[in-house]
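Participant: have a look; sequence and predicted model below, questions after that.
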Amino acid sequence: MNEHIAESRLNVTRYTQDLKHIWDQFVPETKNGTFLLQRDYMDYHSDRFDDHSLMFYKGEQLIALLPAHLSGNAFCTHNGLTYGGLLLSYQATIDLVLEIFRLLFQYLKEIPEVERIIYRPVPHIYHAYPSEEDLYVLFRTNAHVIERKISSVVLLDKPLPFRTLHRRKLKKAQHTGLNICTDNAFELFWPILEANLEKRYDAQPVHSLKEMMLLHCYFPAEIELHRVVNVEGETIGGCVVYVTRQVAHVQYIGSTEYGRSVGALDYLFDYLLYDRYANKKYFDFGTSVEEGGRYLNAGLIFQKEGFGGRAVVYDAYELNLKFLSNDKVF
């Protein structure tokens, strides 16, 4: 299979390690990219995925990136990330994106084992500028939604008030002598997080402590740990927040039994929403579903909605290449 294919005025090249600098330099220049699509974040678990990311050029000018990997008969964009899809330059119009997809389909049809595309677009809250051209193309190509995860998001310039229960817990916390530490002491928070996930969901964090500390070293300004400590200085709760241009996204939340009894998380989120991240547009509490969205964790989303979060969806689409004909679709 050719590693480089051209059609009309565009050409596509498969990503290789020697292109890392060009890839990483372009991500912040896109209208919908975040640090999760930088190579140091994507590649920390490269041993688990057969990377097949693509770079699209107009002449010599890079215009789009597509983080991707192969999995069986699927080209996925990207199952190891919360979101992916095309990362587009500000100059990318719908005509150009249609042309990018034509070239993508042509490219993939030359890989015999690839029969379908699993596509995870970047949710609109992460867009620095409107960037839903890919969703239109998915509609035109009869792609269908296979996952719809519901996340609870607060609009930070008009946050809804905390539910009465959280206001009571916040008042209690304010009289308990708690403090918030923002540091890199992940080893103090991780046992709490692991115990919470094991007890409630019989699960473990997606990232190990070692992986999270490595990612924090790569992205110290984008990955923040906030710990709630009691008067003795013991960690009783906290969260890991991923900070992007538009969004402060809660990646992990955890609390001890004592922390829950004194409102540690209520105290923490009051600080994060109204102080620490008040200059962001959105605060994303994360998803509250399992099985790709078919099961809603009512207790978990009740808590997040109690802090003012309302629904934003994280979708995944499937497109069958066997039924796709470029000349008929476009």
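Facilitator: Yes, it's here.
Participant: low-confidence stretches in this protein?
Facilitator: Applying pLDDT under 70 to the chain flags residues 1-8, 325-330.
Participant: and the spatially most central residue of it, helix, strand or coil?
Facilitator: The centre of the chain sits closest to residue 82, judged by Cα atoms, centre = their mean, with a distance of 3.7 Å. Of the three states, residue 82 takes coil under DSSP: H, G, I helix; E, B strand; the rest coil.
Participant: ok, it touching residue 35?
Facilitator: No - the criterion here is Cβ atoms under 8 Å, and residue 82 misses it with residue 35 at 11.7 Å. Placement of C-beta: from N, CA and C, glycine included.
Participant: intersection of neighbour lists for these two?
Facilitator: Common contacts of residue 82 and residue 35, defined by Cβ atoms under 8 Å, 6 or more residues apart in numbering, are absent altogether.
Participant: how about the helices in the stretch 151-300 of the chain?
Facilitator: Counting by DSSP state H, counting those that start in this stretch, the stretch 151-300 of the chain has helices at residues 164-174, 186-201, 209-218, 257-261, 264-271, 298-306.
Participant: packing partners of the fifth one?
Facilitator: Which is helix 264-271. Applying 3 or more Cβ pairs under 8 Å, 6 or more residues apart in numbering; DSSP states H and E, we find helix 264-271 packed against helix 164-174, strand 179-183, strand 223-229, strand 235-243, strand 247-255.
Participant: turn these into JSON lines, including distance to residue 197 and mean neighbour count.
Facilitator: Converted to JSON lines, these look like this (distance: least, Cβ to Cβ, whole Å; neighbours: other Cβ atoms under 10 Å):
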{"stretch": "helix 164-174", "distance to residue 197": "22", "mean neighbour count": "15"}
{"stretch": "strand 179-183", "distance to residue 197": "22", "mean neighbour count": "14"}
{"stretch": "strand 223-229", "distance to residue 197": "16", "mean neighbour count": "22"}
{"stretch": "strand 235-243", "distance to residue 197": "13", "mean neighbour count": "24"}
{"stretch": "strand 247-255", "distance to residue 197": "8", "mean neighbour count": "22"}
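Participant: dump those to TSV, plus distance to residue 308.
Facilitator: Listed next are the helices and strands packed on helix 264-271 as TSV, based on distance: least, Cβ to Cβ, whole Å:
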stretch	distance to residue 308
helix 164-174	9
strand 179-183	19
strand 223-229	18
strand 235-243	16
strand 247-255	13
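Participant: for residue 140, find the nearest of the ones you listed.
Facilitator: Shortest distance between residue 140 and those, using Cβ to Cβ, is found for strand 247-255: 28.3 Å.
Participant: residue 259 reaches residue 234, doesn't it?
Facilitator: No - under the criterion of Cβ under 8 Å, residue 259 makes no contact with residue 234, lying 9.6 Å away.
Participant: for burial, what's the neighbour tally of the closest residue to residue 97 other than its chain neighbours?
Facilitator: In this structure, residue 97 finds its nearest non-sequential neighbour in residue 133, 3.9 Å apart by Cβ to Cβ, 6 or more residues apart in numbering. By other Cβ atoms under 10 Å, the residues close to residue 133 number 20.
Participant: ok, now which ones touch residue 133?
Facilitator: Counted by Cβ under 8 Å, 6+ apart, residue 133 has contacts 86, 88, 92, 93, 94, 97, 98.
Participant: tell me how far the nearest residue to residue 53 once chain neighbours are set aside lies from residue 51.
Facilitator: Excluding its sequence neighbours, the residue lying closest to residue 53 (Cβ to Cβ, 6+ apart) is residue 15, at 3.9 Å. Using Cβ to Cβ, to the nearest Å, residue 15 is found at 7 Å from residue 51.
Participant: neighbour count winner among the two?
Facilitator: Per other Cβ under 10 Å, whichever of residue 15 and residue 51 has more neighbours is residue 15, with 21 against 18.
Participant: and residue 215, what does it touch?
Facilitator: Shown in contact with residue 215 (Cβ under 8 Å, 6+ apart): 40, 41, 44, 207, 223.
Participant: filter those down to the buried ones.
Facilitator: Listed as buried from the contacts of residue 215 are 41, 44, 207, 223; burial here means 16 or more other Cβ atoms under 10 Å.
Participant: quick one: the second one from residue 275, how far?
Facilitator: So the one you mean is residue 44. Computed with Cβ to Cβ, the distance linking residue 44 and residue 275 is 31 Å.
Participant: ditto for the last one
Facilitator: To residue 275, residue 223 is 19 Å away according to Cβ to Cβ.
Participant: run a quick neighbour tally on residue 256.
Facilitator: Residue 256: 20 neighbours (other Cβ under 10 Å).
Participant: from residue 168, how far off is it?
Facilitator: Relative to residue 168, and taking Cβ to Cβ, residue 256 is found at 19 Å.
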